[in-house]
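Colleague: test case, fold it:
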Amino acid sequence: TSYTDSGLTASTGYSYTVTAVNSAGESAPSSAVSVTTAAGSGSGVPAAPGGLAAGTVTSTSVALSWSAVSGATSYNVYRGGVKVGSASGTSYTDSGLTASTGYSYTVTAVNSAGESAPSSAVSVTTAAGFTPQCFTDNNYSQVAAGRAHQSGGIAYANGSNQSMGLDNVFYSHTLEETSAGYYVIADAHCPA
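Modeller: Okay, the predicted model is just below:
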């Protein structure tokens, strides 16, 4: 009434059932029992990393960090179950992402004996991207709205410091806000 199953993989889930057998045949299976093997104790495979957390999140990147695992020589980083990189330390920055998008990450520990089970997942949503906007008005109104400033009677676009001419109502320009608070003269390519 006992049996030891061996040759299994560390940190892996298994499900078992048992049947009884005699000369008339085999019984229906017992209720299943699910077990997960220990994390690498006898096999040398490292344990799954803990403490996975997101740090700085921008519209195109996510900085990740986790706790060191004894015996690990490197770590693999997975986004949505797909490996996106590896690290020799306990941090990694995933870049080239899409703004305002949700991502899920896990990390595994690796050594010469193999790769651990994945860490607990952490979910992150990237920051909203900036949508450029165009503003057409006379120079006086552009300065009054905070899109430009004046010095010596001349209006200058905020950020780029492009000269817009005299700071009055007789000169007009279209300014494009290409990033927060950064304006360029865009008379030629902004929609009218």
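Colleague: from here on, just use CA atoms for contacts and neighbour counts.
Modeller: OK.
Colleague: ok now the strand or helix carrying S34, how far from the chain's centre?
Modeller: S34 belongs to strand 33-36 when elements are defined using DSSP states H and E. How far strand 33-36 lies from its chain's middle: 32 Å, per C-alpha atoms, centre = their mean, to the nearest Å.
Colleague: and the closest residue to T174 other than its chain neighbours, how many neighbours?
Modeller: Leaving aside its sequence neighbours, T174 sits nearest to T136 (C-alpha to C-alpha, 6 or more residues apart in numbering; 4.1 Å). For T136, the neighbour count with other C-alpha atoms under 10 Å is 18.
Colleague: and T136, that's in a helix?
Modeller: No - if the criterion is DSSP: H, G, I helix; E, B strand; the rest coil, then T136 is strand and not within a helix.
Colleague: how close does it get to V169?
Modeller: 12 Å (C-alpha to C-alpha, to the nearest Å).
Colleague: buried residues in the strand holding S34?
Modeller: Using 16 or more other C-alpha atoms under 10 Å as the test for burial, strand 33-36 gives no buried residues.
Colleague: with just CA atoms, put it into PDB.
Modeller: What follows is strand 33-36, C-alpha atoms only, in PDB (Å, rounded to 0.1, in the frame of the first residue of the first chain):
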ATOM      1  CA  VAL A  33      -3.900  13.600  -5.100                       C
ATOM      2  CA  SER A  34      -1.800  16.500  -6.400                       C
ATOM      3  CA  VAL A  35       1.700  17.200  -5.100                       C
ATOM      4  CA  THR A  36       4.500  19.600  -6.100                       C
END
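Colleague: can you give me the pLDDT of the nearest residue to T60 once chain neighbours are set aside?
Modeller: The shortest distance from T60 to any non-neighbouring residue, by C-alpha to C-alpha, 6+ apart, is to L97 (4.3 Å). Note on L97: pLDDT of 92.
Colleague: contacts only, for L97.
Modeller: Listed by C-alpha atoms under 8 Å, 6 or more residues apart in numbering, the contact set of L97 reads S59, T60, S61, T126.
Colleague: give me the number of residues near G7?
Modeller: Neighbourhood size, G7 [other C-alpha under 10 Å]: 6.
Colleague: in what helix or strand does it lie?
Modeller: Applying DSSP H and E, one finds G7 in no helix or strand.
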